[in-house]
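[1] My questions concern the predicted model and sequence given below.
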Amino acid sequence: MSEEDKGFVIKDRRTFSEESDETQADIDAAKSEIAGEETAENASSGTSVGERQQQAPFPKINFSTFVASLNASVLLNLGAIEDPNTGKKTKNLPMAKQTIDILNMLEEKTSGNLSKDEENLLKNILYDLRLMFVKER
């Protein structure tokens with residue numbers, strides 16, 4: 001079989017040293033490819049990456065914002081708030097129940113590892129969501 005008959009050749013260029021410039025170059029190249037894909041996607045929608053980041057600044061990621069995010073998901077699935085994409089209120093009670101169960105699991109698994117504020121936040125959110133869920137059933 002000649003060289004031209006091969007469909008493709010795989011070469012492993014990874015190095016296993018933390019100080020490798022080649023590995024960092026590969027990472028940088030991958031990042032630029034991803035950025036290029038985002039730019040191409042945004043060109044079709046008319047917004048740039050910078051504009052999207054300015055439109056929706058994200059809060060600092062910590063346990064409280066994670067719980068608040070799950071809370072918003074349950075509220076959305078209970079029909080308590082509008083879907084930001086459609087502007088309509090829709091109900092999906094099985095999904096709301098599943099997310100409440102996830103919050104309950106977090107409460108159990110993080111018991112003794114949360115600050116008093118985080119513990120109270122989770123307890124109060126779970127209480128409120130459970131009441132809302134029961135009213136919707």
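    Sure, I can see it.

[2] Would you enumerate the residues in contact with the residue nearest to residue 137 when sequence neighbours are not counted?
    Distances taken as CB to CB, 6 or more residues apart in numbering place residue 93 nearest to residue 137, at 6.9 Å, with adjacent residues excluded. C-beta: built from backbone N, CA, C; applies to glycine. Taking CB atoms under 8 Å, 6 or more residues apart in numbering, we find residue 93 in contact with 77-78, 133, 136-137.

[3] Now pLDDT, distance to residue 113 and neighbour count too, for those, in a markdown table please.
    Putting these into a markdown table (pLDDT from 0 to 100; distance: CB to CB, whole Å; neighbours: other CB atoms under 10 Å) gives the following:
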| residue | pLDDT | distance to residue 113 | neighbour count |
| --- | --- | --- | --- |
| 77 | 95 | 27 | 23 |
| 78 | 96 | 28 | 23 |
| 133 | 96 | 26 | 17 |
| 136 | 91 | 31 | 14 |
| 137 | 86 | 32 | 6 |
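
[4] and which of those is nearest residue 119?
    Among the contacts of residue 93, residue 133 lies closest to residue 119 (CB to CB), at 21.2 Å.

[5] How about the contacts made by that closest one?
    Here residue 133 is in contact with 74, 78, 93, 96-97, 100 (criterion: CB under 8 Å, 6+ apart).

[6] Ok, residue 136 next?
    Applying CB under 8 Å, 6+ apart, we find residue 136 in contact with 78-79, 91, 93, 96.

[7] Also residue 102?
    residue 70.

[8] and what of the one 5 residues further on?
    For residue 107, the contacting residues are 122-123, 126, taking CB under 8 Å, 6+ apart as the criterion.

[9] what's the answer for residue 96, then?
    Contacts of residue 96 by CB under 8 Å, 6+ apart are 74, 77-78, 129, 133, 136.

[10] Residue 129 - how many residues pack around it?
    Residue 129 sits with 22 neighbouring residues when counted by other CB atoms under 10 Å.

[11] now residue 106
    17.

[12] In this structure it contacts residue 122, no?
    Yes: applying CB atoms under 8 Å as the test, residue 106 and residue 122 come out as touching, 6.8 Å apart.

[13] Show me the common contact partners of those two, please.
    residue 67.
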